[in-house]
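Asker: need coordinates for the following:
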Amino acid sequence: MFNQRRLTHRLAIGFLISLAAGPASAVPGDDGAPILPETSDGLIPVRVAGPFEFPWSIGFLPDGLFLVTEKPGRLRLVRPGSRPREIMGLPAIRTGDQGGLLDVAVDPDFTRTGTVYLSYTHGTQDASTVRILKARLELKTRRLLDQAVLFESDPPASANEQLGGRLALTSDGFLFLSLGDRWEPQRAQDLSDHAGSIIRIRTDGSVPDTNPFVAVPGAKPEIWSYGHRNPQGLVGDDRTGALWATEHGPQGGDELNLIQPGRNYGWPLVSHGLNYDGSPVGSGIAVAPEIEGPAYVWVPSIAPSGLTMLRDGEQASIVSGALAGQMVVRLSIAGNSVIAEQRLLEGILGRVRDVRLGPDGSLYAITDDPEGHLYRLLPATEQARRASGRPPL
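Answerer: Predicted coordinates for the structure are as follows:
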């Protein structure tokens with residue numbers, strides 16, 4: 001089962017209904033700053049904290065605290081209404097291009113363990129890898145202690161791009177990481193190479209013997225699925241155990257995939273997009289036997305990013321940020337199929353790098369910018385205004 005902080009039934013209904021609601025009066029930001037104009041799609045963005053330098057991910061801690069990763073190699077501790085403070089003791093991080101400090105995942109038993117997990121790039125200009133670090137965060141001193149590298153991608157690559165880097169943590173002790181093809185597409189079809197795959201390990205760094213390629217000679221035992229180009233969103237369904245990933249296509253052909261163990265997702269053999277020079281990808285086809293097709297495709301590309309899930313009873317929704325699309329996208333799910341898409345906050349926030357469901361039942365987003373911000377996305381309802389504790393402007 002996947003660890004996800006659950007919405008209360010009341011907040012779930014309020015949030016999902018509000019997506020179809022009309023405009024409402026704005027509320028002030030937690031940091032006292034003016035917020036963006038009200039929108040017509042039922043969400044109001046409220047600025048919680050910032051600016052951050054190219055923030056990449058959000059983590060939730062007890063007592064209303066947040067963690068925000070910054071790609072240049074900083075981890076910030078955020079208390080709404082206060083200046084973000086830097087966490088000390090981070091490992092050596094290879095920054096530049098698309099690399100740096102990437103995702104953060106907080107242990108579901110953080111109050112007892114203090115454990116956090118970080119993904120980041122490591123190495124030199126000519127040879128870099130993606131690592132997972134496990135550490136204990138001591139809040140009193142704002143320092144990472146008891147550090148251990150659980151995983152390092154192999155072999156290294158010279159391009160610090162097309163990294164993937166998204167984590168998904170399960171409540172039963174598994175840790176998933178998405179990995180891009182590092183601008184070497186053929187690597188995504190090579191089981192002796194971590195590039196272009198989604199890997200699964202335990203939270204102690206060991207490899208489960210139920211991984212699909214453990215017994216395949218020469219294959220990397222951590223690989224869970226392969227044939228991925230640049231998967232930048234990853235989320236588990238706490239109820240069903242399903243794993244979903246968003247993936248950047250080339251020119252067009254961004255994907256939402258339901259990740260199945262041992263399956264080949266086709267890159268660079270098939271694609272719904274084109275190469276950047278306009279030429280076909282592979283043989284120019286979008287589907288093929290023995291290739292797992294996407295659950296949903298965006299043409300043209302929106303550059304989908306971080307993912308989260310919402311539930312109201314049996315109704316499930318996947319919510320994704322979009323970088324090039326500059327919006328939040330909600331996909332309604334029935335079984336394993338997408339039945340509807342709703343585009344929210346188009347052009348309002350800018351490039352949305354990550355979206356997360358908070359323990360308070362609110363949706364949070366961060367923006368990819370030299371001065372990016374953390375926002376709470378409030379339902380445009382009177383109930384939401386009362387929940388915010390502040391009157392409308």
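
Asker: Ile132: which element?
Answerer: Applying DSSP states H and E as the criterion places Ile132 in strand 128-138.

Asker: what's the helix or strand that comes right after that strand in contact with?
Answerer: Sequence order places strand 143-152 as the next helix or strand after strand 128-138, per DSSP H and E. Strand 143-152 has contacts (CB atoms under 8 Å, 6 or more residues apart in numbering) with 75, 87-91, 116-117, 122, 129-138, 175, 177, 199, 201, 203-205, 222. Using the backbone N, CA and C atoms, a C-beta is placed for each residue, glycine as well.

Asker: how far away is the closest residue to Ile302 other than its chain neighbours from Gly347?
Answerer: In space, and not counting its chain neighbours, Ile302 is closest to Gly325: 3.2 Å by CB to CB, 6 or more residues apart in numbering. For Gly325, the distance to Gly347 equals 9 Å [CB to CB, to the nearest Å].

Asker: Gly205 too?
Answerer: Gly205 sits at a distance of 42 Å from Gly347 (criterion: CB to CB).

Asker: what number of residues lie near Ser283?
Answerer: 8 (other CB atoms under 10 Å).

Asker: swap in the one 3 residues further on?
Answerer: Under the neighbour criterion other CB under 10 Å, Ala286 is assigned a count of 17.

Asker: one step back: just the buried residues out of the contacts of strand 143-152, in ChimeraX syntax.
Answerer: Selecting the buried subset of these in ChimeraX, with 16 or more other CB atoms under 10 Å as the burial test, is done by:
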select :75,87,90,116,117,122,129,130,131,132,133,134,135,136,137,175,177,199,201,203,222
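
Asker: phi, psi of Arg76?
Answerer: When read as degrees, to the nearest 10, the backbone of Arg76 gives phi -110, psi 140.

Asker: hang on, the earlier thing: out of Gly325 and Gly347, which sits in the busier spot?
Answerer: Neighbour totals were compared for Gly325 and Gly347, and Gly325 leads with 22 against 9 (other CB under 10 Å).

Asker: averaged pLDDT, the strand holding Ile132. What do you get?
Answerer: The average of the pLDDT scores along strand 128-138 is 98.

Asker: next one: stretch 101-120
Answerer: For stretch 101-120, the mean pLDDT works out to 97.

Asker: which strands or helices does the strand holding Ile132 pack on?
Answerer: Applying 3 or more CB pairs under 8 Å, 6 or more residues apart in numbering; DSSP states H and E, we find strand 128-138 packed against strand 115-123, strand 143-152, strand 164-169, strand 174-179.

Asker: possible to save those strands as CSV with distance to Gly42?
Answerer: Formatted as CSV, the helices and strands packed on strand 128-138 follow (distance: least, CB to CB, whole Å):
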stretch, distance to Gly42
strand 115-123, 33
strand 143-152, 39
strand 164-169, 27
strand 174-179, 30
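
Asker: what's the first helix or strand after the worst-scoring helix or strand of the chain on mean pLDDT?
Answerer: Counting by mean pLDDT, DSSP states H and E, the chain has its least confident helix or strand at helix 9-18, which shows a mean of 44. Using DSSP H and E, the next helix or strand after helix 9-18 towards the C-terminus is strand 43-52.

Asker: would you mark the buried spots in that next one?
Answerer: Buried positions in strand 43-52, judged by neighbour count with 16+ other CB under 10 Å: Leu43, Ile44, Pro45, Val46, Arg47, Val48, Ala49, Gly50, Phe52.

Asker: surely the last one is in contact with Gly372?
Answerer: It refers to Phe52. Yes. Counting by CB atoms under 8 Å, Phe52 touches Gly372, with 5.0 Å between them.

Asker: return the residues in contact with Leu374.
Answerer: Residues near Leu374 by CB under 8 Å, 6+ apart: 47-50, 52, 55, 58, 66, 68, 78, 364-366.

Asker: repeat that with 7 Å
Answerer: Contacts for Leu374 (CB atoms under 7 Å, 6 or more residues apart in numbering) come out as Val48, Ala49, Gly50, Ile58, Phe66, Val68, Val78, Tyr364, Ile366.

Asker: what are the bridge partners for the second one, then?
Answerer: Each beta-bridge partner of Ala49 is listed here: Leu374, as defined by DSSP bridges.

Asker: for Thr115, see how far away it is.
Answerer: Per CB to CB, Ala49 is found 23 Å from Thr115.

Asker: so where is the stretch 251-393 of the chain shaky, pLDDT-wise?
Answerer: Applying pLDDT under 70 to the stretch 251-393 of the chain flags the ranges 381-393.
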